[in-house]
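**Student:** need a 3D model of the following:
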Amino acid sequence: MTSLLLLFKSSFNTLFFGSLSLFVLVNPQNTLAQRFPESSQRSLSERGILKGTRIPIHYQEFQRIILTERENLPLTVTISANLYNRRGKVIIPYGSEIFGQLQPIQKGIQFVAYQVHLPRTVYPIKAVSQVVNRRQIIESEVEAVNLTQGTLFGLEAAKAITPLISQDTSHVGLRELSGWLLGHLAVNVFVIYPNQDLTLTLQSDFSLD
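**Tutor:** Sure, this is the predicted structure:
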């Protein structure tokens, strides 16, 4: 009986200290606890990008975007650099398009992205920009006309700024503005410079799986 006990103790010590792989075999619950996270991490490192990764973007249609504090604006931007996994493989290539919208939040405007278009597939993505709280008060026709150059207006911002501009300036990009409203002597708007303000940050891990 004593020799059997010593043999068991000796075997246990050998299994535990001598070989971790053998110890795992006699403890199947530990196998599951250790290997599933490892497999998940391996899959993400090969097929995905980690939460917190910054995504540089480029928007070439307009130099700036003007919105009021009450409106949303759908927006499509282009990724301006390859995004790699931890093994150095390109997961999201340069030039891929990201779809989202500018929306009011925390006394500012934030770009919230929800889709990325890759060469053959559309994937969901959760990424946001910083909150942009840059405001400008437009009080004169000169200021308003200068802002129309290279600017994308939200509908509400366009309606608000229209009364400050004479009809003679329709050729500088205000043809699509709907109607002429009266009574606005000053207009308070948010001014967003997409290439400066809208770098995105992943809010959750992104995976091609």
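**Student:** all helices of this protein, in order?
**Tutor:** Ranges of helices in the chain, per DSSP state H, are 2-13, 20-25, 28-47, 141-148, 155-161, 194-197.
**Student:** how many other residues sit next to residue 60?
**Tutor:** 9 (other CB atoms under 10 Å). For the C-beta atoms, the positions are set from N, CA and C on the backbone; glycine is no exception.
**Student:** which one is it nearest to, not counting chain neighbours?
**Tutor:** Nearest residue to residue 60, sequence neighbours excluded (CB to CB, 6 or more residues apart in numbering): residue 78, at 7.6 Å.
**Student:** number of nearby residues for the one you found?
**Tutor:** Residues contacting residue 78 under the criterion other CB under 10 Å number 15.
**Student:** for it, name its beta-bridge partners.
**Tutor:** residue 58, residue 97 (DSSP bridges).
**Student:** now do residue 163 against residue 66, distance only.
**Tutor:** 15 Å (CB to CB, to the nearest Å).
**Student:** where in this structure is pLDDT low?
**Tutor:** When residues are selected by pLDDT under 70, those of the chain lie in 1-45, 166-185.
**Student:** hmm, residue 68 is touching residue 154, no?
**Tutor:** Yes: shown here, residue 68 and residue 154 form a contact pair, counting by CB atoms under 8 Å, at 6.5 Å.
**Student:** for residue 158, see how far away the nearest residue to residue 103 once chain neighbours are set aside is.
**Tutor:** Ranked by CB to CB, 6+ apart and with sequence neighbours excluded, the top spatial neighbour of residue 103 is residue 72, at 4.6 Å. Residue 72 sits 14 Å away from residue 158, going by CB to CB.
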